[in-house]
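> fold the following.
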Amino acid sequence: MAAWRKARVAGEDPEEPLDAALVDRVRAVLALGGVPHAELQDGVQQVWLRLLEARAKGREAPRSLAAWCAVVASNIAMDWHRAQRRRERLDERLTALRPWERAHQGGEEARVLALAVAEGLEELPLEQRQVLVLRFYADLPVAKIAAALEIPEGTVKSRLHAGVGAMRKRLHADEAV
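Numbering: from 1, shown residues only. Predicted coordinates:
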């Protein structure tokens, strides 16, 4: 632990391992790495968490804490892009499951309803949209959705409940249903 104290800038709060200049540097690395502004603070928190985890595991302190934090921030930015690509691929697969053809066959009313549902889905958070599409468009049971998304069944159920409620409000507000 003494080595970690030496790695920090003198005068820092021992409970706050990242000083303001270091936080600014981490934010800059994340921003240059393409992480959206709204998610920069989450990235700073992840760097801080990894620093605390390294300390807790008894790892040797880095020679330069600033350099170590910059490398970790760069890795977090790369992880963010990988996760973004995964989300985009999942969205593409889910979009392919949308039954647009059935809406065109059902007449004007069915087409209007399908467009209202599509707009409502676009406004939902990604997590809710994923479970709604998998449940109602792909007709997957809760257990398979949980396995596919690697989340607990209870989480799937709560997202379904919240998503259906939001869609119901949205469709009634548009008077589409």
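> make it CA atoms for all contacts and neighbour counts henceforth
Noted.
> name the next helix or strand following the helix or strand bottoming out on mean pLDDT in the chain along the chain.
Sorting the helices and strands of the chain by mean pLDDT, DSSP states H and E puts helix 2-7 at the bottom, at a mean of 48. Where DSSP states H and E defines the elements, the next helix or strand beyond helix 2-7 is helix 20-32.
> what ranges does the protein have for its strands?
For the chain, no strands are identified by DSSP state E.
> in it, which segments are predicted with low confidence?
For the chain, applying pLDDT under 70 flags the ranges 1-17, 98-107, 174-177.
> same thing but 80
Within the chain, the segments meeting pLDDT under 80 span 1-18, 93-114, 137, 172-177.
> helices of that one, start to end?
2-7, 20-32, 40-56, 65-96, 100-105, 108-123, 126-132, 142-149, 153-173 (DSSP state H).
> show me what the third one is packed up against.
If you count contacts as 3 or more CA pairs under 8 Å, 6 or more residues apart in numbering; DSSP states H and E, helix 40-56 packs onto helix 20-32, helix 65-96.
> just send those back as TSV, with distance to residue 139 and mean neighbour count too.
Below are the helices and strands packed on helix 40-56 laid out as TSV (distance: least, CA to CA, whole Å; neighbours: other CA atoms under 10 Å):
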stretch	distance to residue 139	mean neighbour count
helix 20-32	39	18
helix 65-96	12	16
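> could you dump those helices to TSV with distance to residue 136?
Compiled in TSV, the helices and strands packed on helix 40-56 are given as follows (distance: least, CA to CA, whole Å):
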stretch	distance to residue 136
helix 20-32	37
helix 65-96	11
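> nearest to residue 59 among those helices would be which one?
Nearest to residue 59, of all those, is helix 65-96, at 12.9 Å by CA to CA.
> could you check the angle the closest one makes with helix 40-56?
For helix 65-96 against helix 40-56, the angle between stretch directions is 120 degrees (axes from the mean of the first three to the mean of the last three CA atoms, to 10 degrees).
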